[in-house]
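[1] sequence-free structure coming up:
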């Protein structure tokens with residue numbers, strides 16, 4: 001996972017509002033956000049998925065873009081889907097791991 005800096009901390013926090021529709025856990029806690037970088041009023045997000053055939057890909061990309069565009073200093077959002085690093089359960093945050101365990105999902 002990318003390391004938040006002071007200029008991106010708020011963007012990482014904003015993406016906690018975006019949930020994976022299958023598990024209802026934030027995309028941040030699921031470890032789907034690989035990196036966020038700012039270029040002026042543009043946010044560039046690298047996003048991965050748990051599998052290449054994820055049926056929620058378009059929905060998640062749209063939700064990430066829409067949520068970041070709600071930030072007052074963001075006018076444009078670029079989303080790049082990346083497969084390196086590949087998603088694994090090690091990408092889960094402690095909160096994400098706990099939420100999945102509470103749902104009965106082995107992690």
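    Looks like it came in fine. These numbers come from a predicted model, not from an experiment. Numbers count the residues shown, from 1 in each chain.
[2] what are the ranges of the helices in the protein?
    9-15, 57-69, 94-102 (DSSP state H).
[3] contact partners of the longest one?
    Outside of helix 57-69, the residues within contact range by CB atoms under 8 Å, 6 or more residues apart in numbering are 11, 14-15, 17-21, 27, 32-33, 43, 45, 47, 49, 54, 74-75, 77, 79, 81. Using the backbone N, CA and C atoms, a C-beta is placed for each residue, glycine as well.
[4] Identify each buried residue in it, please.
    For helix 57-69, the neighbour count (16 or more other CB atoms under 10 Å) marks 60-61, 63-65, 67-68 as buried.
[5] which of those sit farthest apart?
    60 and 68 (12.6 Å; CB to CB).
[6] circling back: ok, so of the buried residues of helix 57-69, who is nearest residue 86?
    Using CB to CB, those come closest to residue 86 at residue 60, 16.7 Å.
[7] Quick check: the gap between that closest one and residue 67.
    11 Å (CB to CB, to the nearest Å).
[8] any low-confidence regions in this structure?
    Within the chain, the segments meeting pLDDT under 70 span 1-6.
[9] For it, which segments count as strands?
    Using DSSP state E, the strands of the chain run over 19-20, 25-26, 33-39, 42-47, 76-81.
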